[in-house]
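J.: no sequence on this one, just coordinates:
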C-alpha cells in the first residue's frame, strides 16, 4: 500500500474456484462473504473505493463479487460484438444474477440458522453507464 492506491492482483486461477457446496450453510457463507471482505479491506486501509476487474465469465465467483459491489461499471469496445455483449449484459446476465442473488437471500432465511457469521447481499448494486474503450 502506497499513497492512495491499493492494488490486489488477480489471477486466471480464480476462474477455477468453485463457490457451490452440497452443504447449504457453507454455500451461503461462501457466496455472501465478499461484501464483508470489501468492508474490512476498506476499513483496514482507509479506502473510499475498491475497484474490481472481473473477467468476462458468467460463473458463481463473478456473480458473488458483482452482487456484493456497490456499483458495476460495464466496459465495452466500440464495435458490433461489444454492443451485443452489452445488450446481453442488461437483458440476460444482470437479471439472472439479480434473481440468483434474491434466491441466495431467500436460502439464508429458509435454512433457519443464526445469521452471525453468514453474510447477506444486503444492498443492490447500481449499474453505472457503460465505459466505452477504443
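T.: Looks like it came in fine. In this text the structure is predicted, and so the values were computed from the model without any measurement. Residues are numbered from 1 along each chain as shown.
J.: Average pLDDT for stretch 78-89, rounded please.
T.: Across stretch 78-89, pLDDT averages out at 91.
J.: my hunch is that residue 89 is in a strand, does that hold up?
T.: No - if the criterion is DSSP: H, G, I helix; E, B strand; the rest coil, then residue 89 is helix and not within a strand.
J.: Would you check that it makes contact with residue 74?
T.: Yes - Residue 89 is within contact range of residue 74, at 5.7 Å (criterion: Cβ atoms under 8 Å). C-betas here are computed from N, CA, C, even on glycine.
J.: Any idea which helix or strand in the chain has the lowest mean pLDDT?
T.: helix 24-45 (a mean of 77; mean pLDDT, DSSP states H and E).
J.: Give the next helix or strand downstream of that one.
T.: Later in the chain than helix 24-45, the nearest helix or strand by DSSP states H and E is helix 60-68.
J.: what mean pLDDT does whatever helix or strand comes next after that next one have?
T.: Once helix 60-68 ends, the next helix or strand along the chain (criterion: DSSP H and E) is strand 71-72. In this model, strand 71-72 has a mean pLDDT of 89.
J.: wait, what's in contact with residue 66?
T.: Neighbouring residues of residue 66 by Cβ atoms under 8 Å, 6 or more residues apart in numbering: 52, 54, 72, 97, 125.
J.: min pLDDT across those, which one?
T.: Taken together, the contacts of residue 66 show their lowest pLDDT at residue 54, with 81.
J.: Distance-wise, check residue 106 relative to residue 100.
T.: In this view, residue 106 and residue 100 are 11 Å apart by Cβ to Cβ, to the nearest Å.
J.: out of the two, which sits in the busier spot?
T.: It is residue 100, of residue 106 and residue 100, that has more neighbours when counted by other Cβ atoms under 10 Å, with 16 against 10.
J.: relative to helix 60-68, how tilted is the helix or strand containing residue 96?
T.: Using DSSP H and E, residue 96 falls within helix 94-111. With axes from the mean of the first three to the mean of the last three Cα atoms, to 10 degrees applied, the angle from helix 94-111 to helix 60-68 works out at 90 degrees.
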